[in-house]
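Peer 1: What shape does this take:
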Amino acid sequence: MRELIFKSGKRIPALLAAAVLVFACVFSGCGQKRSVTLSEEGPFVFYLNQDGDGLDKENYRNSEDMSVDAFLEALKSMPAKVTLKPLIDDELQIKGYTLNAGLLILDFSSAYKTLDVTREVLTRAGVVRTMVQAEGVSKVAFTVDGEEAVTPGNVTLGAMDANSFVEDAGRQINSIQNQKIRLYYADESGTKLNVEGRTIYYSSSKPLEWAIVERVIAGPKVSGNYPTLPNNTQIISVSSSNGICFVNLNRAFTDMALAVDPRIPVYSLVDALVDNCDSIDSVQISIDGESNISFRDSVNLSKPLTADHSLVQEE
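Peer 2: Here you go, the predicted model:
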């Protein structure tokens, strides 16, 4: 089997090459090349915001050159806004790439493995959204030192495009959405979850996942239901990719945890997100970007969690 060669001369293992070509055929059509434009005002280059908890974008300044090389250079360049930071720098580098049948594979330095949950998701989203605008690119996959890249929760990334991500990046309000959802709050004993149906209204500038986490933190509206999270819990970021919702909260979640069964706060979030969001299969919770922890020494947060309805009271 022919090996794929990076610009840097790095070779991809044959099995990965085969998987990559299958992804390319399934998602983009073998031999078919197309460019994805994110907006009529684009193309754009994505950067980290000042706090490092969201993305912002600037217009791509070299519209006469839509090549992969030109967009990679743009990702490393300093933005016009002094408050923004490049996603690719001296520490986190892209060592090489290959482009075949619309699938761009970027090979990152080992520093990619050290990124915390929030930075990894934002880097992935910003790089992919930037690179799918390059000529001939319809999907993007990541490797690290020639090996398939995984999330901090050890989930293989696969091929991605601009629609693979939902993240809050401080966008301007466009419209108000409404959605019927099921929320979960503690019962009086603090050992079970009660269901609370509700219609919520939220800004389209933030994803439904963000709105759900907000409502869980805000607490119940029905008598007999009780809060599961401290009301001073703050959302740092909410991002979704490849069926996983990444929820990053401040330390109030752990340091000021309520006197309930340790599973109750965790699964009030997990069950609500999985049940109400069709694209979400599991939830990765992190605290100030750190996920390699156990909540109250009982619930392991180091990997994405699936819903657990054994805690839910029968309606």
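Peer 1: Every contact and neighbour count from this point should use C-alpha atoms.
Peer 2: Noted.
Peer 1: For Asp107, which non-adjacent residue is spatially closest?
Peer 2: Spatial nearest neighbour of Asp107, chain neighbours left out: Thr143 (4.6 Å); criterion: C-alpha to C-alpha, 6 or more residues apart in numbering.
Peer 1: for that neighbour, what are its contacts?
Peer 2: Ile105, Leu106, Asp107, Phe108, Ala149 (C-alpha atoms under 8 Å, 6 or more residues apart in numbering).
Peer 1: nearest to Val137, of the residues you listed?
Peer 2: Ile105 (10.0 Å; C-alpha to C-alpha).
Peer 1: Quick check, Ala257 in contact with Leu229.
Peer 2: Yes - applying C-alpha atoms under 8 Å, one finds Ala257 in contact with Leu229, separated by 6.6 Å.
Peer 1: Which one of the two is surrounded by more residues?
Peer 2: The neighbour count for Ala257 versus Leu229, taken as other C-alpha atoms under 10 Å, is higher for Leu229 (26 against 18).
Peer 1: And the pLDDT at the more buried one?
Peer 2: Leu229 is assigned a pLDDT of 95 by the prediction.
Peer 1: sec struct for it, please.
Peer 2: Secondary structure, DSSP: H, G, I helix; E, B strand; the rest coil: Leu229 is coil.
Peer 1: From Pro86, how far out is it?
Peer 2: According to C-alpha to C-alpha, to the nearest Å, Leu229 and Pro86 sit 35 Å apart.
Peer 1: and what of Ser282?
Peer 2: Taking C-alpha to C-alpha as the measure, Ser282 falls 30 Å from Pro86.
Peer 1: Those two - which one has more neighbours?
Peer 2: Neighbour count, other C-alpha under 10 Å: between Ser282 and Pro86, Ser282 has more, with 21 against 18.
Peer 1: Do you know the pLDDT at the closest residue to the more buried one other than its chain neighbours?
Peer 2: Closest residue to Ser282 apart from its sequence neighbours, by C-alpha to C-alpha, 6+ apart: Thr306 at 4.5 Å. You'll see Thr306 listed with a pLDDT of 97.
Peer 1: pLDDT below threshold where in the stretch 201-315 of the chain?
Peer 2: 203-205, 315 (pLDDT under 70).
Peer 1: in terms of contact, does Tyr112 touch Arg119 like I think?
Peer 2: No - using C-alpha under 8 Å as the test, Tyr112 is too far from Arg119 to be in contact (9.6 Å).
Peer 1: more neighbours, those two?
Peer 2: Tyr112 (25 against 18).
Peer 1: Spit out the contact partners of that one.
Peer 2: By C-alpha under 8 Å, 6+ apart, the residues touching Tyr112 are Leu92, Glu120, Val144.
Peer 1: Show me which of those is closest to Val274.
Peer 2: Using C-alpha to C-alpha, the contacts of Tyr112 come closest to Val274 at Glu120, 21.6 Å.
Peer 1: following whichever strand or helix holds that closest one, which helix or strand shows up next?
Peer 2: Assigned by DSSP states H and E, Glu120 belongs to helix 117-131. Heading C-terminal from helix 117-131, the first helix or strand you meet, by DSSP H and E, is strand 139-144.
Peer 1: now that following strand and helix 117-131, what's the angle there?
Peer 2: Orientation check (axes from the mean of the first three to the mean of the last three C-alpha atoms, to 10 degrees): strand 139-144 against helix 117-131 gives 130 degrees.
Peer 1: Buried residues, strand 139-144. List them.
Peer 2: The neighbour-count check on strand 139-144 (16 or more other C-alpha atoms under 10 Å) flags Lys139, Val140, Ala141, Phe142, Thr143, Val144 as buried.
Peer 1: and the second one, what is it in contact with?
Peer 2: With contact taken as C-alpha under 8 Å, 6+ apart, Val140 is in contact with Leu103, Leu104, Ile105, Leu106, Val128, Met131, Val132, Ala159, Met160, Asp161.
Peer 1: In helices, which of the residues you listed fall?
Peer 2: The helices in this structure, assigned by DSSP state H, contain Val128, Met131 from the contacts of Val140.
Peer 1: neighbours around Ser77, how many?
Peer 2: Per other C-alpha under 10 Å, the neighbour tally for Ser77 reads 16.
Peer 1: Now the nearest residue to it once chain neighbours are set aside. Its backbone dihedrals?
Peer 2: Among residues not flanking Ser77 along the chain, Pro86 sits closest, at 6.6 Å (C-alpha to C-alpha, 6+ apart). Main-chain torsions, Pro86, degrees, to the nearest 10: phi -60, psi 150.
Peer 1: Please name the residues that touch Pro86.
Peer 2: Phe46, Tyr47, Leu48, Leu75, Lys76, Ser77, Met78, Pro79.
Peer 1: do Glu209 as well
Peer 2: Neighbours of Glu209 in contact, by C-alpha under 8 Å, 6+ apart: Val238, Cys245, Leu273, Cys277.
Peer 1: Wasn't it part of a strand?
Peer 2: No - applying three-state DSSP, one finds Glu209 to be helix, outside a strand.
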